[in-house]
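Student: below is the structure, and that's it, no one-letter string:
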């Protein structure tokens, strides 16, 4: 005897006794009507807002603990970390370049420095302003490698460090939006003050990292966390130096080959 359509899974044809199929997870069949559309729209909006706002609140309260609970399996109420960092970095980029006018301010700052006032720098900031969410996402796997090396004996694999750093970068985006951008907006017409505050604002990166990883590893000593964060920056600096050397050598080889021709 065939099952009635309301009680049969439309995917695997098993009987559904609750709202979802216990075999494949397919949602119980329901005719598409006005109530269906209304329920779907309501669920989408409420779930998006609830998950996003919940995750942001948890980030502000204790970002490291939030990331730890997600990695350890408590995920039902949390916004997906990759989506979270994409949205927050997008908001951060919009506020920075569209409201504050970061690209125009940077051009004015470079205009007083002939070495920096180049078409390459202008193109660079134009690219960053348009693609900042994608740049942030591309940055995560790289920094995850460094954090994995720095915390290699603390029990988390590389892919977990990708999620960990997605939360860390989300924290930095939230702190930038809340703490830095209002100040930048107020002093946006004073190039000297703007540059001075921007230099000091770089301290937010190591401070937020120490705060984040202390929350993620509460059982570890504060000094140990600081040393690990310093090791991360050391590896990043070494990576930049190596890239710079490779770039110089590549440029020399290309220039030399052209001169021979």
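Tutor: Arrived safely, thanks for sending. Predicted model, so just to flag it, every value in this text is computed and none were measured.
Student: isn't there a helix covering residue 13?
Tutor: No: read with DSSP: H, G, I helix; E, B strand; the rest coil, residue 13 is coil and lies in no helix.
Student: pLDDT score for it?
Tutor: You'll see residue 13 listed with a pLDDT of 73.
Student: next one: residue 43
Tutor: Here the pLDDT value assigned to residue 43 is 58.
Student: now do the one 4 residues further on
Tutor: At residue 47 the predicted local distance difference test score is 57.
Student: then residue 161?
Tutor: So, for residue 161, pLDDT stands at 93.
Student: now residue 209
Tutor: Residue 209 is given a pLDDT of 92.
Student: which residues of the protein fall in helices?
Tutor: Using DSSP state H, the helices of the chain run over 34-71, 81-94, 102-111, 119-150, 158-175, 181-186, 191-201, 204-216, 222-260.
Student: tell me the contacts of the residue minimising distance to the centre of the chain?
Tutor: Within the chain, one residue has its C-alpha closest to the average C-alpha position: by Cα atoms, centre = their mean, that is residue 85, at 3.3 Å. Listed by Cβ atoms under 8 Å, 6 or more residues apart in numbering, the contact set of residue 85 reads 136, 137, 140, 166, 167, 169, 170, 173. Just so you know, the C-beta spots here come from the backbone N, C-alpha and C atoms, and that holds for glycine as well.
Student: I'd like the helices of the chain written out as JSON lines, with distance to residue 23 added.
Tutor: Below are the helices of the chain laid out as JSON lines (distance: least, Cβ to Cβ, whole Å):
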{"stretch": "helix 34-71", "distance to residue 23": "23"}
{"stretch": "helix 81-94", "distance to residue 23": "28"}
{"stretch": "helix 102-111", "distance to residue 23": "52"}
{"stretch": "helix 119-150", "distance to residue 23": "35"}
{"stretch": "helix 158-175", "distance to residue 23": "28"}
{"stretch": "helix 181-186", "distance to residue 23": "50"}
{"stretch": "helix 191-201", "distance to residue 23": "53"}
{"stretch": "helix 204-216", "distance to residue 23": "37"}
{"stretch": "helix 222-260", "distance to residue 23": "45"}
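Student: most tightly packed of the ones you listed?
Tutor: Highest mean neighbour count among the helices of the chain (mean count of other Cβ atoms under 10 Å): helix 158-175, with a mean of 22.
Student: how far is that one from where the chain is centred?
Tutor: Centroid separation between helix 158-175 and its chain, computed with Cα atoms, centre = their mean, to the nearest Å, is 6 Å.
Student: other SSEs contacting that helix?
Tutor: Helix 158-175 makes packing contacts with helix 34-71, helix 81-94, helix 119-150, helix 204-216 when contacts are defined by 3 or more Cβ pairs under 8 Å, 6 or more residues apart in numbering; DSSP states H and E.
Student: that one to helix 204-216, inter-axis angle?
Tutor: 120 degrees (axes from the mean of the first three to the mean of the last three Cα atoms, to 10 degrees).
Student: contact partners of helix 158-175?
Tutor: By Cβ under 8 Å, 6+ apart, the residues outside helix 158-175 that reach it are 55-56, 59-60, 63-64, 66-67, 70-71, 81-82, 84-85, 88-89, 91-92, 136, 139-141, 143-145, 147-148, 151, 156, 204-205, 208-209, 211-213, 216.
Student: try 6 Å this time
Tutor: 59, 63, 67, 71, 81-82, 84-85, 88-89, 92, 140, 143-144, 147-148, 208, 212 (Cβ atoms under 6 Å, 6 or more residues apart in numbering).
Student: cool, stretch 55-66 as well?
Tutor: 78, 79, 84, 170, 171, 174, 212, 215, 216.
Student: if we use 10 Å, what do you get?
Tutor: Residues from elsewhere that reach stretch 55-66 (Cβ atoms under 10 Å, 6 or more residues apart in numbering): 54, 67-70, 74, 77-81, 83-84, 87-88, 164, 167-168, 170-175, 177-178, 208-218, 225.
Student: now do that stretch: distance to the chain's middle.
Tutor: On Cα atoms, centre = their mean, the centre of stretch 55-66 falls 14 Å from the chain's centre.
Student: got it, and stretch 171-187?
Tutor: How far stretch 171-187 lies from its chain's middle: 16 Å, per Cα atoms, centre = their mean.
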